[in-house]
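> Mind looking at a prediction? Sequence and model below.
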Amino acid sequence: MPKTTVQKVIFGLLMSFFMVLAMEMYNTGLRNGGLTNAGILNALRELPLMFALCFLTSTVVGEPLAARLAARLAVPREWPFAAVLARSAMTVCVMCPAMSLWATVIFQQPGIELVPSWLQTVVCNFPMAFFWQIFFCGPLVRRLFRLLVPSAALVPACAEEAAE
């Protein structure tokens, strides 16, 4: 959907915010044995740092790599929505391990147990990140983006992403 650099930044900020918000709530709940009001406040305190790391990581590594991976998949042209799903899935495949590494280093401080702690974090986060992205965050952000950038609404999301 986004074509210009400004549009890509807007889209990236929206996607980063909503993904980080959900994942912070989820991880806070996991760490505390359930999500509570106090846990929500803790997640909101962690949000600015993780949001900045997510936006930076996705801009520099995540989105370019996800786009290349999605382009390698055999997506049928008759079903352009498959391109949207492929791009979303590849984004999670790249960003979940990257953001899980950031979270492991910052919040768990695992020392010499970095690799096993990181792998466990990825395994716990991946299902949530995948389903949140495919069913909630992705559609929400694409809708918000089309509302905020009306010129982007002229090109259907499926048709545009299939062309990439």
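That came in fine, so what should we check first?

> Any stretches of this structure with poor pLDDT?
153-164 (pLDDT under 70).

> okay, which residue is most central for it?
Among the residues of the chain, the one closest to the centroid is Met19, at 5.0 Å (Cα atoms, centre = their mean).

> Look up how far Leu140 lies from that residue.
Distance of Met19 to Leu140, computed by Cβ to Cβ, to the nearest Å: 10 Å. Using the backbone N, CA and C atoms, a C-beta is placed for each residue, glycine as well.

> pretty sure the residue nearest to the centre of the chain is touching Ile134, no?
No. Contact criterion Cβ atoms under 8 Å: Met19 and Ile134 do not qualify, at 11.8 Å.

> what do the two both touch?
Common neighbours of Met19 and Ile134 are not found (criterion: Cβ atoms under 8 Å, 6 or more residues apart in numbering).

> The residue nearest to the centre of the chain: what's it in contact with?
Taking Cβ under 8 Å, 6+ apart, one finds 54, 95, 129, 132-133, 137 in contact with Met19.

> Need the max-distance pair from those residues.
Largest separation among these by Cβ to Cβ: Cys54 and Trp132, giving 13.2 Å.

> Could you check which of those two has the larger neighbour count?
The residue with more neighbours, out of Cys54 and Trp132, is Cys54; 24 against 20, by other Cβ atoms under 10 Å.

> now the most far-flung residue of the chain relative to its centre: how far from Leu65?
The C-alpha centroid of the chain is most remote from Ile112, which lies 27.7 Å away (Cα atoms, centre = their mean). Distance, Ile112 to Leu65, using Cβ to Cβ: 28 Å.

> what do you get for Val141?
Counting by Cβ to Cβ, the gap from Val141 to Leu65 is 19 Å.

> Neighbour count: those two, which is higher?
Of the pair Val141 and Leu65, Val141 is the one with more neighbours under other Cβ under 10 Å, namely 22 against 17.

> Just after the longest helix anywhere in the chain, pick out the following helix or strand.
In the chain, taking DSSP state H as the definition, the longest helix is helix 5-32. Sequence-wise, the next helix or strand downstream of helix 5-32 (DSSP states H and E) is helix 37-57.

> So what's the gap between that next one and the chain middle?
Offset of helix 37-57 from its chain centre (Cα atoms, centre = their mean, to the nearest Å): 13 Å.

> quick one: it to helix 5-32, angle?
Angle, helix 37-57 to helix 5-32, by axes from the mean of the first three to the mean of the last three Cα atoms, to 10 degrees: 140 degrees.
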